[in-house]
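In: Okay, predicted coordinates and the sequence, questions at the end:
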Amino acid sequence: MRRAVAAGVPAGLVGGLVFGAAMTQIGVLPTIAGVVRADSAVVGFVVHMGVAAIIGASFALLVARQEPGAGETLFWGLTYGALWWFIGPLTLLPFFSGDSVEWTLARAQAEFPSLLGHLLYGATTALVYVALTQPRALVPTRSAALRGAVAGLVSAWLLVARLASDNGLLATSTAMGDASPGVSALVTMAVGVVSGTAFAVLYPRLIDSAGVSLIRGVVYGFLLWVVVPLTLLPLFEGRGLTWSLEETRAGFETLPGYLLLGGLLGLGYHVLCALARLLFSDDVRDMGREGAGTRGLRALGQGALAGLVGGLLFTLIMLQIDFLPTVAQLVGFDSGLAGFLVHLVIADLIGASYGVLFRRQSYDAGSAVGWGVAYGFCWWVLGALTLLPVFLGGPPQWTAAGAAAAYPSLIGHLLYGAGLGATFYALEVRQSPWWVSRTQAEAERRERRRQHVLTSAPALWALVVVVALVVPILLAG
Amino acid sequence: MPEPRDLVAGGAAGLAAGLVVLPGPGSLLDAGPGPLLHLAVAATLGAALGVVVGQTGGSAAANLSRGLLLGLLWWQLAALTLEPLVAGQGPTWSIDDAAAELPALVCALLFGGLAGLLLVLLPSQTSSPADHTVRTRVVVLGGGFAGVATARRLERLFARDPGVEIALVSKGNALLFTPMLAEVASSALEPQHISVPIRALCPRTRFHRDTAADVDLDARLVRHADGRTLPYDHLVLALGAVPSYSGLDGLAEHAFTLKSLGDAVALRNHVIEQLERADVEPDEAERQRLLTVVVAGGGFAGTETVAELFDLCHVVLRYYPRVEPEELRFVLVHSRDHILPELGPELRAYALERLRRRGIEFLLERRVAEATPGGISLEDGTEIPTRTVIWTAGNRPHPLPAELGLPVSRAGAVLVDSTLRVEGRDDVWAVGDCARIPVPGLPDAWYPPTAQHALREGKALAANLAAVLAGREPKPFRFSAIGTLVALGHRTGVAEIRGYRFSGLLAWLLWRFVYWSKLPGLEKKLRVGLDWGIDLVFPRDIVLTTPERERVPAAVRDA
């Protein structure tokens, strides 16, 4: 614990330095100094660094017992940073400054730059903490880096070739809108390769399931969005950092692209790792205990059934907001019934894919809902914001206004995910409750599995839902 | 089940977190009596969180995140859905409503995170390990359809209750899909493809590959042949049937049976071996003996076997150029005046006519008297010279129940009541071919010993056993057979399903489809499907697989 704190303080200081440097560029540091009622930037900076060190130390306390690893710690850091935005600028700061604590949209929007700063703070603190406590964790093996780069390249290519072909360069930045399509495609690919390699640094080895890797990728994509188009590109282009609401709103159209890039990257990286293990590992013990054919089909069926339940829940929201006719247009009808049927088929297919991707990842009702909700969010981005508008003949709704208009659908997707995850869990329990032990060996296996799942998974669920619910509100309001 | 301790600890943590966020501008549920409702919701959500954490345990970081998630989900339910509903406006889930409810979102989020963190401080954190003490031991004797069906259903019924331990004792380690056994004998299917390891079918059952030599009913102990014992609280007898030669001479030594995989493989090898020898045999009488197959018994097994062996021999004959098709002789001996007694008269006649037209001889109302190495003799004195005799004319229930002194019928089947419990005992049950199970409501009527009955009996027994363990009343077993399907070799069959009769190609396809779909597991379905597909386009295999070790010739060994 002492060692963890000893690493947490400098980690928090570095995080605070990055955060502070960014805020200096924007010019909001004196606000923090308001706590001690001094308008001097120096006092403000000292207070800021002091707070950063304390928060860094408590972060170290929090993650000291968690699963080690760069990726795991990074996601904890992101969630931790996001939480502190709610606690700090929105609550404690006005409280100590003697203002009223408001939590209103106006207040939250005014503090938006600080949200990005807190996310960067969390990420930086986490990575420095890893560098100090497990320095080896940040050096990838050559093969892992290669896999990451290939996964990133393919994901970026898919995004450019399949989704963003009309819109040029959605995945990097609107700021590059003037560049020719060829150049922008190249830049996108380069971003893909670099981010893929960085992902391999975070996760040098293949662990757990494809679905978990997918969700990690999506959250990673969100971080990329904060880092690349919102932070690095303005600096790189010499525009200076503003993190202003307007600029972020304008840059929102790159967010779905980054989320999809991250998701594809996570999935692709998992597939490549699995493939590498399948082809190049000469030790049969590396293989899964049971073949994919044995239980995979059952998972498929259970997922489809669970998807049906989630889809029925979603139908309630669709009825209330009268969305079914829009769904029916996918097959050229406009009646509610046709829409209902199409909706159920889609819900079913997505449920089946959930079964395959997230098999054996739910160890209690909480984690079941967590994965389900996170998966539901993925489909809001891919389905409601991207595929549905494209299939209906329009461009993807990758704008802040589009996302705001699809907010009811977001709630529906999250509800769908919750129903899907919970039902799938119930079916899995009934069929194969792998955590119920009959012998000591089973008990040990169960314990390993639980620890294995208790990685950064809870942080991922929480972060996905925070991002999903809060970011559209802030940007659209 | 949620532990009260977790509920209380979680509720307290929730209450505390609710109090902390109470002065803020948002609340967990903004309807009616303000702070009270807010605190009630806080306590309830905290208790829910406490249950989840108590069941799986967790660190501060994990609890914090779970709390955040719970808070955000609650916000969607309360602020965006319930409150508009209560206000009578109907929810819209629009971004404007969401933006207006931002204070509630921040409140829910901070509350959740705080409640999660507080849960770590509270003493209920040491989640107790699951109770592993075994309260009830169920031992199933027999790994056929009935035994495996019982164990599988029991596994499912007690999936979340490690207090019930299920053990299965069987002398083979696989469930044999007996309806396809004749096709293994005729080289159409690979032997392993029609059997599934019991360990794969019942992963949470303790499997013992052994023979139960004896059972001590008073001490409730199953004794294995090597002296090991297995204690039980409930014993399930699913031992099946064994061949019965009715005291006839020579059958046990010289006749094949078709009960196990080993039987089928041995029969296939034997038949091919006879063809090999006949091809080079100069003596006409011996050739005739080698090329004659006699099946005793005209039930399902006998009829299907003679038809399948007929197919095998004629299909592979092209490899044996010195054997003429006319030399092959197939005889079926049956004691009644009709074969396939389970079927209606028309289908019986159809089956007989089709098989006779192929050249299979039927000796009806005749009985086998004796078997010798060179042939069999019937009761009327007829002698049939043959090297291949297959006995399917008699089965009797496994002798163990009678040896144990349990009540048995004249045939040797253990007597059970309609709930499948052995008469006079409340800890011994029996299903399948070894039990005589009364049909409820019909005096002196018993369920026939078939696979489809055994499967249902096993499931019903498991349900009854679970009911008794839970203190409920067991239910009588009721099942009406769905139908009967018989394959008559190449592209022909007869079937009677719910009174509808089918024959010829359609019945044969039905047979294949129904039994294929009943094969346990996708893997075996694929393998059997592949075997059948290959059989369509390639000749049958005549590789001999007699499991004999090669002996190195002495001259080589000593050199």
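Out: Yep, that arrived.
In: What sits closest to B:Trp446 if chain neighbours are left out?
Out: Distances taken as C-beta to C-beta, 6 or more residues apart in numbering or on different chains put B:Arg436 closest to B:Trp446, at 5.2 Å, once the chain neighbours are dropped. C-beta coordinates here come from the backbone N, C-alpha and C atoms, glycine included.
In: Helix or strand: which one has the nearest residue to B:Glu361 once chain neighbours are set aside?
Out: Computed as C-beta to C-beta, 6+ apart, the closest residue to B:Glu361 that is not its neighbour in sequence is B:Val331, at 4.6 Å. In this structure, B:Val331 sits in strand B:329-334 according to DSSP states H and E.
In: Output the contacting helices and strands for that strand.
Out: strand B:292-296, helix B:300-316, strand B:361-364 (3 or more C-beta pairs under 8 Å, 6 or more residues apart in numbering or on different chains; DSSP states H and E).
In: Residues touching the helix or strand just after it, excluding its own?
Out: Heading C-terminal from strand B:329-334, the first helix or strand you meet, by DSSP H and E, is helix B:345-358. Helix B:345-358 is contacted from outside by B:303, B:306-307, B:310, B:332, B:338-341, B:343, B:362, B:486, B:488-489, B:492, B:494-496, B:501, B:503, using C-beta atoms under 8 Å, 6 or more residues apart in numbering or on different chains.
In: Stretch B:312-329 too?
Out: Stretch B:312-329 is touched from outside by B:185-188, B:268, B:271-272, B:275-276, B:278-280, B:287-288, B:291-293, B:310, B:330, B:361, B:539-540, B:542, with contacts defined as C-beta under 8 Å, 6+ apart.
In: That stretch - what's its average pLDDT?
Out: Average pLDDT, stretch B:312-329: 93.
In: for that stretch, how far is the first residue from the last?
Out: One end of stretch B:312-329 sits 13 Å from the other (C-alpha to C-alpha, to the nearest Å).
In: Now do that stretch: distance to the chain's middle.
Out: Centre-to-centre, stretch B:312-329 and its host chain are 38 Å apart (C-alpha atoms, centre = their mean, to the nearest Å).
In: From A:Thr125, how far out is the residue nearest to the spatial centre of chain A?
Out: Computing the C-alpha centroid of chain A and ranking residues by C-alpha atoms, centre = their mean puts A:Val219 first, at 1.7 Å. To A:Thr125, A:Val219 is 17 Å away according to C-beta to C-beta, to the nearest Å.
In: What part of the chain, helix or strand, is modelled with the least confidence?
Out: As the question left the chain open, I've gone with chain A. One helix or strand of chain A scores below all others by mean pLDDT, DSSP states H and E: helix A:29-33, with a mean of 57.
In: Please identify the buried residues of the helix or strand hosting B:Ala463?
Out: Taking DSSP H and E as the criterion, B:Ala463 maps to helix B:451-469. Residues of helix B:451-469 classed as buried: B:451-466, B:468-469 (neighbour count, 16 or more other C-beta atoms under 10 Å in any protein chain shown).
In: Over to stretch A:74-92?
Out: By neighbour count on 16+ other C-beta under 10 Å, the buried set for stretch A:74-92 is A:74-91.
In: Of these, which belong to helices?
Out: Those of the buried residues of stretch A:74-92 mapping onto helices are A:74-87, per DSSP state H.
In: restrict these to contacts with chain B.
Out: The residues of these that also fall near chain B, by C-beta under 8 Å from any C-beta of the partner chain, are A:76, A:79, A:83, A:86-87.
In: Please report how far the residue nearest to B:Trp446 lies from B:Tyr447.
Out: In this structure, B:Arg436 and B:Tyr447 are 8 Å apart, going by C-beta to C-beta.
In: in the chain, what spans have low per-residue confidence?
Out: Using chain A here. Applying pLDDT under 70 to chain A flags residues A:28-39, A:162-179, A:207-208, A:285-294, A:431-454, A:477.
In: Sorry, I should have been clearer: chain B.
Out: Applying pLDDT under 70 to chain B flags residues B:1, B:32-33, B:56-58, B:122-132, B:547-551, B:557-559.
In: Kindly report the domain assignment for chain B.
Out: Here the domain assignment for chain B is B:4-125, B:136-171+B:210-243+B:397-481, B:251-393+B:484-537, based on automatic domain parsing.
In: TSV for these, including distance to A:Leu319?
Out: Shown next, in TSV, are the domains of chain B (distance: least, C-beta to C-beta, whole Å):
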stretch	distance to A:Leu319
domain B:4-125	11
domain B:136-171+B:210-243+B:397-481	36
domain B:251-393+B:484-537	38
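In: ok, B:Thr303 touching B:Leu340?
Out: Yes - B:Thr303 sits in contact with B:Leu340 when judged by C-beta atoms under 8 Å, with a separation of 5.8 Å.
In: what residues do the two have in common as contacts?
Out: Contact criterion C-beta under 8 Å, 6+ apart; residues shared by B:Thr303 and B:Leu340: B:351, B:486.
In: out of those two, which sits in the busier spot?
Out: Neighbours per residue (other C-beta atoms under 10 Å in any protein chain shown) separate B:Thr303 from B:Leu340, with B:Thr303 holding more: 30 against 24.
In: what about the more buried one, distance to chain A?
Out: 35 Å (C-beta to the nearest C-beta, to the nearest Å).
In: Look up how far B:Leu317 lies from that residue.
Out: The gap separating B:Thr303 from B:Leu317 is 22 Å, by C-beta to C-beta.
In: The least confident helix or strand of chain A: what's the following helix or strand?
Out: According to DSSP H and E, the helix or strand after helix A:29-33 is helix A:41-63.
In: for that following helix, which positions count as buried?
Out: Of the residues in helix A:41-63, A:43-45, A:47-49, A:51-53, A:55-57, A:59-60, A:62-63 count as buried by neighbour count, 16+ other C-beta under 10 Å.
In: Whatever helix or strand A:Ala144 lives in - contacts with which helices or strands?
Out: Here A:Ala144, judged by DSSP H and E, is contained in helix A:142-158. Contacts defined by 3+ C-beta pairs under 8 Å, 6+ apart place helix A:142-158 against helix A:181-202, helix A:255-280.
In: residues making contact with that helix?
Out: Contacts with helix A:142-158, where a contact means C-beta under 8 Å, 6+ apart, come from A:140, A:171, A:188-189, A:191-201, A:203-205, A:261, A:264-265, A:268-269, A:271-273, A:276.
In: Pull out the buried members of those.
Out: Among the contacts of helix A:142-158, those buried by neighbour count (16+ other C-beta under 10 Å) are A:140, A:171, A:188-189, A:191-201, A:203-204, A:261, A:264-265, A:268-269, A:271-273.
In: sorry, back to before: tell me the contacts of the residue nearest to B:Trp446?
Out: B:Arg436 makes contacts with B:409, B:411, B:413-416, B:446, as judged by C-beta under 8 Å, 6+ apart.
In: ok, which pair from the residues you listed is furthest apart?
Out: Spatially, the most separated pair among those is B:Ala411 and B:Val416, at 14.0 Å (C-beta to C-beta).
In: quick one, which of the two is more surrounded?
Out: Neighbour count, other C-beta under 10 Å: between B:Ala411 and B:Val416, B:Val416 has more, with 28 against 12.
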